[in-house]
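Q: how would this look folded up:
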Amino acid sequence: MLNDYLFSLDEIEKIKNSNNERIKYIVDLTLKRADSFLEKKAVPGDFGRIIKGETEILGFAYYFTGDKKYFEKARETMLTFCEAEFWNPGIAHGGSFKSRSEQISALSTVLMSQGYALFGDLLTSEEREKVINSTYEKGIMPIMEEWVLHDTRIHALDTMGHNFWIAIVSNAAMALTIMKDLIPNGVELLEKTAKCTEAWFKYQGNIINCKPKNNDNGGYWEGVSYFDYSVYEYCRFASIYRRAFGKHPFNDEAILKSFAKFFFDNYYPSSETDYWVNFGDCSRIDTRELPTLLLRYGFDMPELRWFVNQIKVFNAGFVNLLLVLINEENKEAKYPDFNSGYYSDIGLAYFRESFKENSTLFAVKSGDTFNHCHADAGNFILFKNGNPDIIDSGTPGTYSHPCYQGYFVQSKAHNVVLFNEQGQDYRDNYKNHAHNRGRIPYFKDENGFRYALADCSGPMSRWFRKHHRHFLWIDNCILIYDDIECYENGVCNFLLHEEVLNESSFKMLTPCSFTLKEGYTEHHREPNCQYKSYNLETDSEGHAKFVSMLCFDENIKPTYEKFETYIKVTYGDKKFFINLLSDGKVMHNNCIIAPENYETDAIILADNNGKSAVVNGSIVRKDNETVFGSWNRIFGYVN
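A: Purely as a prediction, here's the structure:
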């Protein structure tokens, strides 16, 4: 072993001597994965035959067992890549121009540099020279020339600044860290690459190019799968850089801690498996590798150790997981103590009961539509009792199948509202973003009042003048109120995707018809399920209002009553009054209603067993006495 950038022989010895059953189990998985590589042949330029972490796992297996077959396989793989003319097939992302550096060549660069770090001293001098030169000429320099160096650079953060940028540049930076003293200007190139990674984290977006910022207080717009991929690749590089130089590539501590918060917001711990909020191109059951890399990088976060100690899905990241388990074994671990998350720039909101297994998690998205983000403004999902309840359709597991563009990215695959069965413009996803993004402009989680407003008007602006989707969680229910105004009369279609048809927490309260539609669920490429479309005609002015509820107590049935100026919903000892005058019909005057013994101008007034709460209200009077007054409207409990 040339260096201990990836792991040390002392760490291997600790793992060998461990009596921890979890460690033993993951060692077994790692060795089985290494054995599976012995029968496979990596093919340069073929994405499906470049195996992530191959030389790292072979290196672990060799130093753990002493069996030379693992070294021989790694050697064979590296020399095969040395003989290849190029490591990238030549067509850039989107097929618009020739490229020598994309994900395939970046992964090849990692494979070669990790192999060199682990096996370089076992290679002949001629073989070492081949590996170094090939990694430099076919991997590092094409990335530097097309992504980093201004004299030759093709890409900009405003055009390719999503997950590809940070992953590809970080892969080159990892190789430069390992080979810095062996290639021309290695240290100088490494420092330029480190600055390039810093620029990605601090990128503030570009309105002209419809690019959102990459860091919304830790939130990332492409969803948790591509967030995990992006930041994981950076941390792979940064942890090696720190071991090589004793410092971070830049002052990244605060940024990465906020990213850890976003990671947890998307996690749902179940006693059965690890579930994830799967907005966009994300899988709801998958291995997430970022926590292990953050710990390996040196972040002392008990919450990360809690996650690593209890994860149930093991598909990748075996070596780093073992290193973390052996090095962090007796340190403090605790589950996170926050129960909500809000990312206003990218349009995401999360509420949960707790991080205990099988509790309730509710998530809402109303943001961008591009690349790995779907046409899903106002989409919501729910996990409870350890299982998905209201679901996102996810992805078919491949982007090349017609059902991906024909169904999974479209509005109809999500829990949104259509107009005459038409959703967002298809071009939002595959041209240049939704120019008018969705938003979540209001969010509150305080004293048991949990509220988010999804403004879906922008992405649906070819049909709707306004679509405000209110979510109000109080105790054992979530009230959902859709306030819609259309440009013309027609039918609004409220779509609902349930994990098990007719067995979810959802109740539609507004009287309307519904039809069953044929759909797909995650990783299926043929129709395999049905989802509901609740259909409501607009009134003569193009207004439509859906009132629905997520009910968490099976013994309580919600009731719905409509009056001239308000709708009353009752759920156990809770009453909700929805103001029908607050939809923009009243101008230059306040929209005060008088439901029962109340007076209020709030869009929603909630009576929770005598405690009053308002959504966008300035007045609450009860029995002719003022309970609350403010010259501007507020959200929350008022007494």
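
Q: give me the most central residue, this structure.
A: Nearest to the mean C-alpha position of the chain, by C-alpha atoms, centre = their mean, lies Val224 at 1.9 Å.

Q: ok, and the closest non-adjacent residue to it?
A: Nearest non-adjacent residue to Val224, counting by C-beta to C-beta, 6 or more residues apart in numbering: Asn266, 4.0 Å away. C-beta coordinates here come from the backbone N, C-alpha and C atoms, glycine included.

Q: got the contact list for Pro269?
A: When contacts are counted by C-beta atoms under 8 Å, 6 or more residues apart in numbering, Pro269 is found next to Tyr275, Gln310, Tyr335, Phe355, Lys356, Glu357, Asn358.

Q: contacts only, for the first one.
A: This means Tyr275. Residues near Tyr275 by C-beta under 8 Å, 6+ apart: Tyr267, Tyr268, Pro269, Arg284, Ile285, Phe383, Pro388.

Q: assign it to helix, strand or coil.
A: For Tyr275, the secondary-structure state derived from DSSP: H, G, I helix; E, B strand; the rest coil is strand.

Q: that one bridge partners, please.
A: Residues in a beta bridge with Tyr275, per DSSP bridges, are Tyr268, Ile285.

Q: roughly how far does it sit from Gly347?
A: Taking C-beta to C-beta, to the nearest Å as the measure, Tyr275 falls 21 Å from Gly347.

Q: likewise for the second one?
A: Relative to Gly347, Gln310 is positioned 30 Å away (C-beta to C-beta).

Q: so between these two, which is more surrounded?
A: Gly347 (29 against 13; other C-beta atoms under 10 Å).

Q: for the closest residue in space to that one that isn't next to it in sequence, what are its contacts?
A: If the residues on either side of it in the chain are set aside, Gly347 comes closest to Gly367, at 2.7 Å by C-beta to C-beta, 6+ apart. Contacts were defined as C-beta under 8 Å, 6+ apart; by that measure Gly367 touches Pro212, Trp221, Ile346, Gly347, Leu348, Cys373, Ala377, Arg437, Gly438, Arg439, Ile440.

Q: same thing with Gly438?
A: 347, 365-369, 377-378, 454-456, 458-459.

Q: redo the residues you listed as CSV? Include distance to Leu581 and secondary structure.
A: Listed next are these as CSV, based on distance: C-beta to C-beta, whole Å; DSSP: H, G, I helix; E, B strand; the rest coil:
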residue, distance to Leu581, secondary structure
Gly347, 28, coil
Lys365, 29, strand
Ser366, 25, coil
Gly367, 30, coil
Asp368, 33, coil
Thr369, 33, coil
Ala377, 26, coil
Gly378, 23, coil
Ala454, 22, strand
Asp455, 20, strand
Cys456, 22, coil
Gly458, 25, coil
Pro459, 27, coil
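
Q: sketch out the low-pLDDT regions of the chain for me.
A: The chain contains residues with pLDDT under 70 at 45-52, 89-98, 429-434.

Q: what's the domain layout of it?
A: According to automatic domain parsing, the chain is divided into the following domains: 9-266, 340-556, 560-639.

Q: would a markdown table of the ones you listed with distance to Thr292 be doable?
A: Putting the domains of the chain into a markdown table (distance: least, C-beta to C-beta, whole Å) gives the following:
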| stretch | distance to Thr292 |
| --- | --- |
| domain 9-266 | 9 |
| domain 340-556 | 18 |
| domain 560-639 | 39 |
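
Q: mind checking how far Lys585 is from Ile592?
A: Computed with C-beta to C-beta, the distance linking Lys585 and Ile592 is 13 Å.

Q: neighbour count: the two, which is higher?
A: Under the criterion of other C-beta under 10 Å, the comparison of Lys585 against Ile592 puts Ile592 first, with 17 against 11.

Q: state the distance from the residue nearest to Gly347 to Lys312.
A: 29 Å.

Q: neighbours around Glu329, how many?
A: By the other C-beta under 10 Å criterion, the neighbourhood of Glu329 contains 15 residues.
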